[in-house]
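Peer 1: Sequence first, then the predicted structure, then my questions.
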Amino acid sequence: MITREKREVLNNYNVGLAAYKQRKWDEAVRAFEKALQFDPNDGPSMLYLERSKKYTENPPPADWDGVFIMTTK
């Protein structure tokens, strides 16, 4: 059985991921932050929150295909 908290994490993560794929960075940030309110250690939400914040400051090119390119190791 899935807990209410995990369900909230999943719901908000999915909203954030959809916004991320549509290049709606601010909306994605809000959704991932909300997911992390329910589980501060949710790795996928933390990862996409960081990426969304970076893209807010420096958006990918218009032909972006959703692939994140690491700039550091």
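Peer 2: In hand now; what should we look at?

Peer 1: Isn't E5 up against D39?
Peer 2: Yes: E5 lies in contact with D39 (C-beta atoms under 8 Å); the separation is 6.3 Å. The C-beta positions use only the backbone N, C-alpha and C, and glycine is treated the same way.

Peer 1: Which residue of these two possesses the greater neighbour count?
Peer 2: Using other C-beta atoms under 10 Å as the criterion, E5 and D39 rank with D39 on top: 18 against 11.

Peer 1: so who does the nearest residue to that one once chain neighbours are set aside touch?
Peer 2: What sits nearest to D39 in space, not counting adjacent residues and going by C-beta to C-beta, 6 or more residues apart in numbering, is V9, at 4.8 Å. By C-beta atoms under 8 Å, 6 or more residues apart in numbering, V9 lies in contact with A35, F38, D39, D42, S45.

Peer 1: Now, the residues you listed that are in helices?
Peer 2: Members of the contacts of V9 lying in helices (criterion: DSSP state H): A35, F38, S45.

Peer 1: Same list, those, but as TSV with pLDDT please.
Peer 2: Formatted as TSV, the ones in helices among the contacts of V9 follow (pLDDT from 0 to 100):
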residue	pLDDT
A35	98
F38	96
S45	98
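
Peer 1: Would you format those as TSV with distance to A18 and neighbour count included?
Peer 2: Converted to TSV, these look like this (distance: C-beta to C-beta, whole Å; neighbours: other C-beta atoms under 10 Å):
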residue	distance to A18	neighbour count
A35	13	26
F38	18	19
S45	14	25
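
Peer 1: now those residues in JSON lines, with distance to V29?
Peer 2: What follows is the ones in helices among the contacts of V9, written out as JSON lines (distance: C-beta to C-beta, whole Å):
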{"residue": "A35", "distance to V29": "11"}
{"residue": "F38", "distance to V29": "16"}
{"residue": "S45", "distance to V29": "11"}
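
Peer 1: Kindly indicate which of those lies nearest S52.
Peer 2: For the ones in helices among the contacts of V9, the closest approach to S52 (C-beta to C-beta) belongs to S45, at 10.2 Å.

Peer 1: Distance-wise, check the closest one relative to M1.
Peer 2: Separation of S45 from M1 (C-beta to C-beta, to the nearest Å): 21 Å.
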